[in-house]
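In: Here is a sequence together with a model predicted from it:
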Amino acid sequence: MGKTFTAAHWGVYEVKTDESELRLEGFAQDPDPSPIGLHMTAKDLTDVRVRRPSIRKSWLEKGPGADPHLRGREPFVEVDWDTALDLLAAELDRVRRDHGNESIFGGSYGWASAGRFHHAQSQVHRFLNLIGGYVSSVDNYSLAAGRVILPHAIGSTEFLLDRHTSFDVMAKHTELFVTFGGVPVKNAQMSAGGAGRHRVVAGMLDMEKKGTRFINIGPVSDNMPVDSEWIANSPNTDVAMMLALAYVLHTEDLAHLDFLSSHCVGYDRFAAYLTGNTDGTAKTPEWAAAICGVDADRIASLAREMACHRTMLNISWSLQRAVHGEQPFWMLVTLAAMLGQIGLPGGGFGVGYGALNSVGHDNVRFKSGAFPQGDNPVKAFIPVARITDMLLNPGATFAYNGKQHTYTDIRLVYWAGGNPFHHHQDLNRLLKAWQKPETIIVNEPYWTPTAKLADIVLPVTTPLERNDIASSGGEDLIVAMRKVSEPFAEARNDFDIFCGLALRMGINFSENLDEEGWLRRLYGATSANALEKKVEMPSFDQFWQDGIFDLKPDAWPVVMLQEFRDAPDEHPVPTPSGRIEIFSETVDGFGLPDCPGHPTWFEPPEWLGNRESDDQFHLISDQPVRRLHSQLDASPYSKAGKVKGREPVLMNPTDAERCGLSAGDFVEIHNQRGRLISAVLISDAIMPGVVRLSTGAWFDMDYERNLERHGNPNALTLDVPSSSLSQGCSAQTCLVSVRKIEDEYAGAVEAFNHPRIDR
Ligand SMILES: Nc1nc2c(c(=O)[nH]1)N[C@H]1C(S)=C(S)[C@@H](COP(=O)(O)OP(=O)(O)OC[C@H]3O[C@@H](n4cnc5c(=O)[nH]c(N)nc54)[C@H](O)[C@@H]3O)O[C@H]1N2
Ligand SMILES: Nc1nc2c(c(=O)[nH]1)N[C@H]1C(S)=C(S)[C@@H](COP(=O)(O)OP(=O)(O)OC[C@H]3O[C@@H](n4cnc5c(=O)[nH]c(N)nc54)[C@H](O)[C@@H]3O)O[C@H]1N2
Ligand SMILES: [Mo]
């Protein structure tokens with residue numbers, strides 16, 4: 001056997017054994033390994049593992065639906081696996097018999113682990129499909145507004161992300177790189193399914209060395225790995241600023257009319273809005289300045305700079321995680337179309353350089369073999385971020401992408417591989433809705449907030465405790481994740497849990513294959529897909545022995561939409577017209593007041609433009625530097641980023657001074673939806689009026705005081721749809737107030753405690 005590797009969404013690590021202690025080292029060929037993974041074997045993490053199947057006391061004693069308000073507050077009772085699986089199989093059977101499979105919610109959104117076989121969502125979905133189906137969820141928290149609008153405008157996000165212009169091409173050709181929301185390389189630590197070599201920082205530095213100039217537009221300046229000009233604009237106002245840039249291009253004859261007529265449809269309709277012909281408001285730089293806070297002259301001069309240089313535009317995904325989140329993405333495409341450089345080397349646009357390691361990498365892409373989920377006989381679904389609405393409003397209708405759908409009446413929720421009490425907005429509202437189902441089941445390695453709020457918790461292995469294959473489809477490494485330790489306590493693989501349930505419910509879940517059998521089958525599918533792209537992979541046994549398959553990409557230039565530019569009739573974009581749709585007849589035909597037929601500026605419901613006083617701030621809740629969402633929050637590395645044990649809030653020095661705050665002070669951040677405790681960090685890397693609290697601190701409610709103690713921003717965020725088109729999450733649209741508090745008031749954090757357990 002060669003070296004032993006393991007992989008996580010945050011990268012590849014070599015596993016070493018020192019005197020029987022496991023230790024991880026970054027992959028030697030990774031130029032920029034993520035420190036996150038070095039701590040995966042830390043004792044702090046073992047301390048928060050679930051030891052045995054655990055059942056909420058009232059549920060066990062009185063049956064499904066008993067005292068749902070006691071979820072998260074009463075003890076669990078540990079039981080043996082047979083008891084747990086017998087009870088669970090009987091309950092699944094009862095619910096599907098009495099209420100039908102439409103009463104089972106199995107969307108189970110979440111990132112789970114990198115290995116493609118022990119991928120929790122694939123496992124739970126396959127199981128639920130085999131027992132008659134489940135209500136599913138569509139889209140994701142990452143991209144919902146963007147995912148739904150882009151196919152109408154230019155093509156799906158997958159279509160675009162697979163062909164982003166590569167960093168080496170930008171280094172050669174891009175003169176000006178203008179990004180809304182930076183290139184947050186903290187985020188490029190990740191790729192779903194396992195990041196390979198981390199190359200985004202090197203890519204950006206190379207561009208800088210070869211002379212690209214960078215402009216970063218947004219409320220923070222610490223999200224660029226290279227020197228850049230910072231243009232600070234208020235959160236959620238980028239569309240107004242982009243409209244003004246477009247207005248200057250239009251009125252100063254800088255818009256590329258040839259490209260707009262040969263490769264786009266609907267520019268005239270949009271231009272009428274731009275000039276104010278349709279609504280009486282010209283989208284001038286002065287108009288935008290009053291909204292976004294950027295000097296009108298700088299907006300005008302920037303438009304001219306963009307027009308006379310080879311310009312790449314970029315946008316961060318978080319801009320569409322907001323009310324009217326469709327508009328910034330659609331408007332970015334429109335602005336790029338007006339510049340007429342789409343399909344030229346180093347010009348055009350990107351949707352998410354920096355969002356993941358894979359964006360802008362030029363290695364060959366092919367699909368990895370996936371654990372088959374089968375077909376879902378239940379057609380009911382929700383847009384993923386509508387979970388609270390669904391639980392609270394059975395029978396209500398909702399709009400999604402031009403059609404009407406109905407929420408079903410959910411009796412049972414099954415979650416494996418996600419943490420809704422991290423990821424969802426307005427968690428106090430979700431807490432209320434969470435009382436609605438009769439049974440909530442969670443498969444988890446750790447006592448996360450969601451596990452603590454469940455009725456039945458089944459302990460799951462971590463990647464080091466099982467054999468798997470990491471393969472993301474867009475990265476340069478495929479990794480044999482060999483098992484290096486025995487499962488903790490009584491933890492089992494999700495696969496074995498579902499095999500156990502299947503046995504009791506009379507279905508064939510495993511197809512009579514064991515872990516190794518499945519790994520061979522998945523590997524076979526991956527290598528067949530690779531072969532279609534002329535990549536020859538070794539036999540499974542060879543791969544398993546080598547530990548890693550390195551695609552060693554020969555860099556070749558990728559220029560997004562070059563073929564479309566060269567021959568739009570032969571290589572149309574996948575929209576109804578085959579052209580970039582600046583006006584979409586389809587979207588217009590839906591007749592939605594909150595998403596008309598072309599990019600449009602809307603005032604968000606909460607923003608600096610409607611705050612009641614200077615004591616309110618726009619809250620940004622971005623992705624955390626030291627972990628993936630809530631994963632490994634208990635690790636020493638994540639804890640080292642906290643201040644007084646809390647996720648810190650970043651604020652501008654002028655705001656801190658006005659509020660009488662010093663670095664390290666405890667604060668209560670609050671609004672009409674909730675309150676939480678954080679500790680202050682001060683920096684002029686954030687503009688006045690805006691505060692930043694990263695996501696992922698394990699939600700830690702003091703129910704008596706109705707107070708979140710750990711700094712989880714979703715105690716405050718807004719749970720309304722981005723629009724009736726996409727129904728996406730609106731986390732970045734949120735006003736809060738901040739006040740100083742004393743240490744005694746802050747109290748202790750209990751996020752990493754075990755729940756009370758009766759033995
Ligand atoms: N305010 C605000 N909220 C946000 C965002 C934001 O920007 N602002 N961003 C949103 C985005 S983009 C996303 S993607 C979501 C992410 O939300 P999630 O994907 O739900 O977050 P994770 O913390 O990755 O949760 C994964 C869970 O799976 C568990 N797990 C890992 N491996 C396994 C396994 O093998 N089996 C099982 N059964 N479980 C396993 C982990 O322990 C962890 O609890 O958050 C969203 N929430
Ligand atoms: N380390 C780490 N990396 C991750 C993740 C993680 O949890 N941890 N999560 C992964 C996932 S699931 C996803 S979806 C991607 C998400 O990637 P993104 O959504 O792009 O990430 P964010 O960090 O939320 O936001 C990016 C930047 O946008 C800025 N921003 C916020 N609001 C506005 C605005 O209104 N206007 C402008 N101009 N800028 C704004 C923020 O200040 C931030 O610097 O990251 C992935 N990478
Ligand atoms: Mo995401």
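Out: Arrived safely. Numbers count the residues shown, from 1 in each chain. Ligands and ions are numbered 1, 2, ... in the order given.
In: Now Asp468: closest residue in space that isn't a chain neighbour?
Out: Gly115 (2.8 Å; C-beta to C-beta, 6 or more residues apart in numbering). Every C-beta, even on glycine, is put in place using the N, C-alpha and C of the backbone.
In: I'd say Asn473 and Gly369 touch.
Out: Actually, residue 473 is Gly. It isn't Asn. No: in this structure, Gly473 is not within contact of Gly369 by C-beta atoms under 8 Å, at 10.2 Å.
In: Give me the common contacts of the two.
Out: Here Gly473 and Gly369 have no joint contacts, going by C-beta atoms under 8 Å, 6 or more residues apart in numbering.
In: Spell out which residues belonging to the stretch 1-150 of the chain are near ligand 1, please.
Out: Contact residues (C-beta under 6 Å from any ligand atom) of the stretch 1-150 of the chain with ligand 1: 110-113, 118, 120, 140-142.
In: among those residues, who's most crowded?
Out: Within these, His118 tops the neighbour count with 29 neighbours, counted by other C-beta atoms under 10 Å.
In: Tell me which residues touch that one, please.
Out: Contacts of His118 by C-beta under 8 Å, 6+ apart are 461, 463, 466, 468, 493-495.
In: if we go to 7 Å?
Out: Contact analysis of His118 by C-beta atoms under 7 Å, 6 or more residues apart in numbering lists 466, 468, 493-495.
In: where does the stretch 451-600 of the chain have low pLDDT?
Out: Within the stretch 451-600 of the chain, the segments meeting pLDDT under 70 span 553-555.
In: Roughly how far does the residue most central in space within the chain sit from Ser621?
Out: Central residue of the chain (C-alpha atoms, centre = their mean): Ser142, 3.2 Å from the mean position. Relative to Ser621, Ser142 is positioned 14 Å away (C-beta to C-beta, to the nearest Å).
In: Next: Asp700.
Out: From Asp700 over to Ser621 (counting by C-beta to C-beta), the distance is 16 Å.
In: before we move on, the earlier item: wait, which of the contacts of His118 is closest to ligand 1?
Out: Comparing these against ligand 1 with C-beta to the nearest ligand atom places Asp494 closest, at 5.0 Å.
In: Not counting residues beside it along the chain, what's closest to that closest one?
Out: Gln123 (4.3 Å).
In: Wait, the one you found touches Ala416, no?
Out: Yes: look at Gln123 against Ala416 with C-beta atoms under 7 Å: they come within range, at 6.4 Å.
In: which residues are in contact with both of these two?
Out: Asp494.
In: Tell me the residues of the stretch 301-450 of the chain that contact ligand 2?
Out: Checking the stretch 301-450 of the chain against ligand 2 by C-beta under 6 Å from any ligand atom, the hits are 316-319, 355-356.
In: just checking, which of the contacts of His118 belong to helices?
Out: 494-495 (DSSP state H).
In: so where's this structure shaky on pLDDT?
Out: Residue ranges of the chain with pLDDT under 70: 1, 553-555.
In: Next, the contact list for the residue nearest to Asp468, please.
Out: Gly115 sits next to 463, 468-470, 481 when contact means C-beta under 7 Å, 6+ apart.
In: now the host helix or strand of Val738: how far from the chain's centre is it?
Out: In the assignment (DSSP states H and E), Val738 maps to strand 735-740. Strand 735-740 has its average C-alpha position 26 Å from the chain's average C-alpha position, going by C-alpha atoms, centre = their mean, to the nearest Å.
In: Okay, domains of this protein per the record?
Out: Using automatic domain parsing, the domain ranges for the chain come out as 43-135+381-473+483-512, 144-361+558-590, 608-758.
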